[in-house]
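>>> Would you be able to build a 3D model of this:
(2 chains)
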Amino acid sequence: MIELVNLNKRFADKQVLFDINAKFEPGIPNLIIGASGGGKSVLLKCMVGLLKPESGSINYDGRDFVHLPYDQVREVRREIGMLFQGTALFDSLTVAENVDFPLKMFGSMSMEERKDRINFCLSRVGLENVNSKFPAEISGGMKKRVGIARAIALETKYLFCDEPNSGLDPITSRRIDELLRDITEEFNITTVINSHDMKTVYDIGESITFIYQGRIWWQGHRAHIDETRKHNPELDAFISASQF
Amino acid sequence: MNKLFFELGRYILFVRSMFFKPERFKVFFERTIHEMNNIGVGSFGIVTIISVFVGAVTTLQTAYQLVSPLIPKKVIGTIVSDSSLLEFAPTITCLVLAGKVGANIASEVGNMRVTEQIDALEVMGINSSGFLGLPKIIAGVIMIPCLIIVANFLMISGGILAARMTDLMPPNEFIQGARETFKLFTVSVSMTKALVFAFIITSMSTYEGYFTEGGALEVGEAGTRAVTRSCVLILFADFIIAKLML
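Reported below is the predicted structural model:
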């Protein structure tokens, strides 16, 4: 479980996150939604340690990530997998080498075991016969799936996804959503997904956090979103803009 | 002025952050060998061409300036070999390498920055500056001095060739002039310059790429900045080394 307590972040004199308090449970897709510029990407970057918050804490199963010494931060990071918006695959490595990268760096497996793990991860995300291809030779949807395979290669405990559907067609988007939900449930991962795709919210949003102007505006289950929007004009405006 | 101190401070901190124990020595070793191939073997052709021509041109221009019949022709060999060892081989070669290797490193690292590949390394718990930069610095510090040794040899060979082809003097006279005043210390100066310049090229280029912000345009600008700043620092360091060692 990941718990955020009174998290604040500012850039120069512009505050972008205000007293964020939230809990993200394992085994269910936790969605962070909100308009562009609302602070959700900054929140995600703070959670994975790419940005340092001004105050507050981020607890990974009780370990305060913000205040841990650097060595222990790196230990926590090795339990984190992340799917970036642009996939961030290493373009000089093949698909198999990309998935192998965290195994090679941190795993203690033999070459054969690593090969089996790579094939397992790639087949789990529905990719076969692409091991020797380079990222530039595969489609956007396939890149996202390779990104997911790389993120779960080390038996990740926490998975972060930044706009996993951006730039994908609706059918591929749904496949990625289903894949993320299935992997989360199967491996009991704490998954946090940044999205502004309302279809994703309605399909897999077990726990939804709506961020508006740097503040948590609403938290709940997808089943309650339609009821809530009636008396929450900001949430209603966000959903209406998505033609839902 | 503030910007200068900010950049200087950030550069020093960046270089310091690179010197951490590698996460996995085998991966680090493989990356270093890969970089040695890129920097050393990949630059061999251009270094060969430049060195031969610089040596040849220096010989012809020295001969043009030494018009007095009182000065023996073997002095041309002395001047060409000493100036090649002390200045032309390390400095001109490294200025060219700053353009070739420096731009390549800055755009590679800059592209990794703007496509979030560096963020991906950080999220995995890898010291990204050390992972990307240290193999390049080690490879540069090993391979660039090797290239300078080759450049020294080729510049003098280019000089001999030019003297022979233009009937300026026979090769043995050129070699006699080169050997008469040869001091081993000039090779030490040449190698010191090579080591310092190699460090400047690789660290400055990695730094410029690492702190790129934006997109393709900024990656190009980082490449240009890496080359210009490396060249200025090389010339500055050249002056300091000459003052301290000669």
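>>> how about the residues of chain A that lie near chain B?
A:48-50, A:73-78, A:80, A:82, A:84-86, A:88-91, A:101-102, A:104-106, A:160 (Cβ under 8 Å from any Cβ of the partner chain). Quick note: C-beta positions are derived from backbone N, CA and C, even for glycine.
>>> Okay, helices next: where are they in chain A?
With DSSP state H as the criterion, chain A has helices at A:40-48, A:70-77, A:95-106, A:111-124, A:140-152, A:170-187, A:198-204, A:225-229, A:233-241.
>>> Export those as TSV, with columns for mean neighbour count.
Shown next, in TSV, are these (neighbours: other Cβ atoms under 10 Å in any protein chain shown):
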stretch	mean neighbour count
helix A:40-48	23
helix A:70-77	15
helix A:95-106	21
helix A:111-124	16
helix A:140-152	24
helix A:170-187	17
helix A:198-204	19
helix A:225-229	16
helix A:233-241	16
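>>> Which residue is the nearest non-sequential neighbour of B:Ile92?
Nearest non-adjacent residue to B:Ile92, counting by Cβ to Cβ, 6 or more residues apart in numbering or on different chains: B:Val54, 6.0 Å away.
>>> Any idea how many residues pack against the one you found?
23 (other Cβ atoms under 10 Å in any protein chain shown).
>>> pretty sure it contacts B:Ile156?
No: judged on Cβ atoms under 8 Å, B:Val54 makes no contact with B:Ile156 at a distance of 10.6 Å.
>>> Identify the residue of chain A closest to chain B, quick one.
In chain A, the residue that lies nearest chain B is A:Arg77 (3.4 Å; Cβ to the nearest Cβ).
>>> and A:Ile148, what does it touch?
Counting by Cβ atoms under 8 Å, 6 or more residues apart in numbering or on different chains, A:Ile148 makes contact with A:83, A:125, A:176, A:179-180, A:183.
>>> and with 6 Å instead?
A:83, A:125 (Cβ atoms under 6 Å, 6 or more residues apart in numbering or on different chains).
>>> Now tell me what touches stretch B:27-44 from outside.
B:22, B:97, B:100-101, B:135-136, B:138-140, B:143.
>>> let's see it at 10 Å
With contacts defined as Cβ atoms under 10 Å, 6 or more residues apart in numbering or on different chains, stretch B:27-44 is touched by A:92, A:101, A:104-105, B:21-22, B:24, B:47, B:93, B:96-97, B:100-101, B:104-105, B:108, B:126, B:130-132, B:134-147, B:150, B:198, B:201-202.
>>> Let me know whether the residue of chain A closest to chain B touches B:Glu122 as I believe.
Yes: taking Cβ atoms under 10 Å as the definition, A:Arg77 is a contact partner of B:Glu122 at 7.7 Å.
>>> any shared contact partners between those two?
By Cβ under 10 Å, 6+ apart, the residues touching both A:Arg77 and B:Glu122 are A:48-49.
>>> send the alpha carbons of stretch A:232-244 over as PDB?
What follows is stretch A:232-244, C-alpha atoms only, in PDB (Å, rounded to 0.1, in the frame of the first residue of the first chain):
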ATOM      1  CA  ASN A 232     -19.500  18.400  -8.000                       C
ATOM      2  CA  PRO A 233     -19.300  20.900 -10.900                       C
ATOM      3  CA  GLU A 234     -15.600  20.600 -11.500                       C
ATOM      4  CA  LEU A 235     -15.800  16.800 -11.800                       C
ATOM      5  CA  ASP A 236     -18.900  17.200 -14.000                       C
ATOM      6  CA  ALA A 237     -17.100  19.600 -16.300                       C
ATOM      7  CA  PHE A 238     -14.100  17.200 -16.600                       C
ATOM      8  CA  ILE A 239     -16.400  14.200 -17.400                       C
ATOM      9  CA  SER A 240     -18.600  16.300 -19.700                       C
ATOM     10  CA  ALA A 241     -15.600  17.500 -21.700                       C
ATOM     11  CA  SER A 242     -14.800  13.800 -22.300                       C
ATOM     12  CA  GLN A 243     -18.300  13.400 -23.800                       C
ATOM     13  CA  PHE A 244     -19.500  11.000 -21.100                       C
END
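>>> residue contacts, the closest residue to chain A within chain B?
Proximity of chain B to chain A (Cβ to the nearest Cβ) peaks at B:Gly125, 3.4 Å away. B:Gly125 makes contact with A:49, A:71, A:73-80, A:102, A:105-106, B:23, according to Cβ under 10 Å, 6+ apart.
>>> Now do the same for it: its pLDDT.
In this model, B:Gly125 is scored at 88, pLDDT.
>>> secondary structure element for it?
Assigned by DSSP states H and E, B:Gly125 falls within no helix or strand.
>>> ok, and the closest non-adjacent residue to it?
A:Arg77 (3.4 Å).
>>> Could you tell me which residues make contact with the one you found?
A:Arg77 neighbours (Cβ under 10 Å, 6+ apart): A:48-49, A:60, A:65, A:106, A:158, B:122-126.
>>> For chain A, give me the ranges with low pLDDT.
A:243-244 (pLDDT under 70).
>>> Go ahead and list the helix or strand containing the residue nearest to the spatial centre of chain B.
By Cα atoms, centre = their mean, chain B has its centre lying nearest to B:Cys94, at 2.7 Å. Using DSSP H and E, B:Cys94 sits in helix B:93-97.
>>> Same check on B:Ile142?
Here B:Ile142 is assigned to helix B:128-165, by DSSP H and E.
>>> So for the helix or strand following that helix, mean pLDDT?
Using DSSP H and E, the helix or strand that follows helix B:128-165 in sequence is helix B:171-180. When pLDDT is averaged along helix B:171-180, the result is 93.
>>> With stretch B:95-108 instead?
96.
>>> Over to stretch B:136-154?
Stretch B:136-154 comes out at a mean pLDDT of 97.
>>> angle of the helix or strand that contains B:Phe6 against helix B:128-165?
Using DSSP H and E, B:Phe6 sits in helix B:2-18. For helix B:2-18 against helix B:128-165, the angle by axes from the mean of the first three to the mean of the last three Cα atoms, to 10 degrees is 100 degrees.
>>> and the helix or strand following helix B:2-18 with helix B:128-165, angle?
As assigned by DSSP H and E, the chain's next helix or strand after helix B:2-18 is helix B:25-39. Angle of helix B:25-39 versus helix B:128-165, following the same axes, to 10 degrees, is 30 degrees.
>>> where's helix B:25-39 relative to the chain centroid, distance-wise?
Centroid separation for helix B:25-39 versus its chain: 19 Å, with Cα atoms, centre = their mean, to the nearest Å.
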